[in-house]
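Visitor: Mind folding the following:
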Amino acid sequence: MKKKHKIILIISAVVVLALIIVFAWNKLSGPEKPTTPQEGEGELPKEAGEGGKKQEGPGFSLTRLSDEGVEVFDFWEDSGSGQVYYVTTKGVVRSAKQGPDPEISTRQFSAINKVRPDEDGERVLVSFGDPASPSWGMFDSSDGVWRPLPSYIKDMVWGKEEDKVIAVAVTEGGKSLVSLDIEKLKNGENETSDILVRNFSLKDVELSFSEPNSLVIMEKPASFYGSRVWKFDIKEKKLTKIMAAKKGLMMNWDESGLVFEYEGEGNRFSILDKELNGAIPVIFTTFPSKCDATPEKVYCFVPYNSLSDLDNLQLPEAYFKNKFYTSDSLYEVDIESGKSEKKISMLDFDINLDAYLPEEIGEDIYFVNKYNRGLYQLKLTN
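Guide: Numbering: from 1, shown residues only. The predicted structure is shown next:
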């Protein structure tokens, strides 16, 4: 081979090697803030803040209320006292404050499954233990005491009347849907249930109460089969299927009367009325657990990039199993006009927020950040 040809080959090899090094360096030193939903097995790409730390930004202030290292499962407001409480993933109940959070109850449980406060936030139904055969208890915010509930209760929600709950009960007589008086149960009295449905055969379902006096029964979501939805009229004791099977179906029946729906097949998000008709047009896609409604506004935390970028993952299972995290912006939707506005961009936050369970308390938005399970308070200042 001629010397000239050898020199050309050597130069070409050097150029290719240089390009490979530059490409690898860019991959390793990618942008600090993610531009797509985060994938991984739970790693946190940025520090998520310390308890009581406050961030001021354009049009907002953000404060972490829960203490550093404390993982929040859910939270609620006692409207009588105006106090916000949260229960940790271990079952400890704390009062949410800036600075150290006092423990209201130090009792711990093996696992928390569901947290369902009553309308005033004074009494809270909590499911714990094995999700396939859970136990239930009630926490009373007024005295900070846990009270056990009968072991035959496998699921329950608050009903229309103040002291009534609707429960799935499993006894020697079989599985039934019943109405119970919670005050008699907590006081240890033998409560004779009002049987609503005998031989309640629906399995793997979630219960939600819907005004004026109905129970929504929805099969749990999965990407590989369609979930159906029924509505049970408690007064008439009539069960009606209101939605045919949809794959990857998630729904949040908000107290406002709106319904937030996500359908995995097609990657669609909708805001519906309680009759499941389209109520408000939206320009974004998010999960129902990232939205809350007031009489005038809807607030949704929305992944910075579309969830359709995650076609290689099974939704919603991948999100539930922390196979990926999102980095959210906050949108506000005016219910009357239907106008959507991005209130805060993901890029304006100093930390990554994968927000869920948002709730307006007073004039602020409270939520849990999936990155660190911290409880946050967001104030909008314009």
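Visitor: all contacts plus neighbour counts: C-alpha atoms, from now on.
Guide: Will do.
Visitor: What are the boundaries of the helices in this protein?
Guide: Here the chain has its helices, by DSSP state H, at 3-28, 182-186, 317-320.
Visitor: Could you list everything the nearest residue to residue 360 once chain neighbours are set aside pairs with in the sheet?
Guide: Spatially, and ignoring its direct neighbours in sequence, residue 360 is nearest to residue 366 (6.3 Å; C-alpha to C-alpha, 6 or more residues apart in numbering). Per DSSP bridges, the residues bridged to residue 366 are residue 359, residue 377.
Visitor: mind checking how far residue 366 is from residue 155?
Guide: Here the criterion is C-alpha to C-alpha, to the nearest Å. By it, residue 366 lies 26 Å from residue 155.
Visitor: okay, these two: which has more neighbours?
Guide: Higher neighbour count among residue 366 and residue 155: residue 366, with 26 against 22, using other C-alpha atoms under 10 Å.
Visitor: tell me the contacts of the more buried one?
Guide: Listed by C-alpha atoms under 8 Å, 6 or more residues apart in numbering, the contact set of residue 366 reads 358-360, 375-378.
Visitor: could I get these as TSV with distance to residue 99?
Guide: TSV is the format used below for the contacts of residue 366 (distance: C-alpha to C-alpha, whole Å):
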residue	distance to residue 99
358	21
359	21
360	21
375	13
376	13
377	13
378	16
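Visitor: Give the ChimeraX command for selecting the buried subset of those.
Guide: With 16 or more other C-alpha atoms under 10 Å as the criterion, this ChimeraX line picks the buried residues out of the contacts of residue 366:
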select :358,359,360,375,376,377,378
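Visitor: Looking at the contacts of residue 366, which one is closest to residue 74?
Guide: Distance ranking of these against residue 74, using C-alpha to C-alpha, places residue 375 first at 8.6 Å.
Visitor: Skipping its backbone neighbours, what lies nearest that closest one in space?
Guide: Among residues not flanking residue 375 along the chain, residue 368 sits closest, at 4.6 Å (C-alpha to C-alpha, 6+ apart).
Visitor: What part of the chain, helix or strand, is modelled with the least confidence?
Guide: Least confident helix or strand of the chain, by mean pLDDT, DSSP states H and E, is strand 38-39 with a mean of 45.
Visitor: From residue 87, how far off is residue 106?
Guide: Distance, residue 106 to residue 87, using C-alpha to C-alpha: 10 Å.
Visitor: which residues are in contact with both of these two?
Guide: Taking C-alpha under 8 Å, 6+ apart as the criterion, residue 106 and residue 87 both touch residue 93.
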